[in-house]
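A.B. asks: Here is a sequence together with a model predicted from it:
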Amino acid sequence: MKLIRLIYASAACTEMSYAELTTILRTAEAHNGQNGITGILCYGGGMFLQALEGERDVVNALYNRIVADRRHERCEILRYGRIATRRFEQWKMKYVGLDDPATAHRRDLVLRHSGTSHFSPIRMSGAQASALLFDLSHEFRIAA
Ligand code: FAD
């Protein structure tokens, strides 16, 4: 099996409400669970940053569907490549929000990885985006 990880950034077409984000996540969890996809979805300041991991053909097909989704635009692939092991294996799709003031500590990670506390993933390199997502996921990782 050829495992790959795809990381992309995009801009929400309108500011996402909690209900809209929940709808996306429910769809993602149901579909991803059936198709061996794992990953993480980050949202803040009207921007998305998402990592999808799984079998190459399945990830490619999902990405093509996601790109066509009218809830966001300006999808840009930041990193795509073969992986030996998953980094987000615990989650069908982990959601990490960046807008809630209670999660201000996550801004420190954004600052560390992008040089600015303003979350603007479209401007990040692939290396910066992966490092940020890996660090954000540590907060939720359950020790095996
Ligand atoms: P359908 O459900 O038939 O939808 C067709 C189109 O209608 C969509 O492309 C969208 O433009 C629109 N639409 C659908 N539902 C709504 C709604 N509630 N409100 C407004 N417009 C709507 N799906 C996954 O399976 N896994 C993921 O990890 C995943 N991540 C996503 C991340 C982001 C940032 C976004 C915006 C969407 C994500 N989705 C994900 C959803 C994905 O884009 C598809 O909507 C979903 O996979 C269902 O595909 P479908 O072809 O059956 O579309």
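C.D. replies: That came in fine, so what should we check first? The structure displayed is predicted, hence computed values, not measured ones.
A.B. asks: Around the ligand, pick out the residues from the protein.
C.D. replies: In this structure, the chain approaches the ligand at residues 23-24, 27-28, 31-32, 41, 48, 50, 62, 65-66, 68-72, 93, judged by CB under 6 Å from any ligand atom. Quick note: C-beta positions are derived from backbone N, CA and C, even for glycine.
A.B. asks: One more pass at 8 Å, please.
C.D. replies: The interface of the chain toward the ligand, taken as CB under 8 Å from any ligand atom, is made up of 10, 12, 20, 23-25, 27-32, 35, 37, 39, 41, 43, 48, 50, 52, 62, 65-66, 68-72, 93.
A.B. asks: so of those residues, which ones are in strands?
C.D. replies: Members of the residues of the chain next to the ligand lying in strands (criterion: DSSP state E): 10, 12, 39, 41, 43, 48, 50, 52, 72.
A.B. asks: these two touch, right, Ile66 and Cys75?
C.D. replies: Yes. Between Ile66 and Cys75 there is a contact at 7.1 Å, judged by CB atoms under 8 Å.
A.B. asks: Give me the common contacts of the two.
C.D. replies: Counting by CB atoms under 8 Å, 6 or more residues apart in numbering, the common neighbours of Ile66 and Cys75 are Tyr8.
A.B. asks: ok, back up a step: closest one to Ala104 out of the ones in strands among the residues of the chain next to the ligand, please.
C.D. replies: Comparing those against Ala104 with CB to CB picks out Tyr43 as the nearest, at 15.4 Å.
A.B. asks: Contacts only, for that closest one.
C.D. replies: For Tyr43, the set of contacting residues under the criterion of CB under 8 Å, 6+ apart consists of 12, 16, 21, 95-99.
A.B. asks: Next: Leu62.
C.D. replies: Residues near Leu62 by CB under 8 Å, 6+ apart: 31-32, 35, 37, 52, 54.
A.B. asks: quick one: which of those is nearest the ligand?
C.D. replies: Proximity of the contacts of Leu62 to the ligand, judged by CB to the nearest ligand atom, is greatest for His31, which lies at 3.2 Å.
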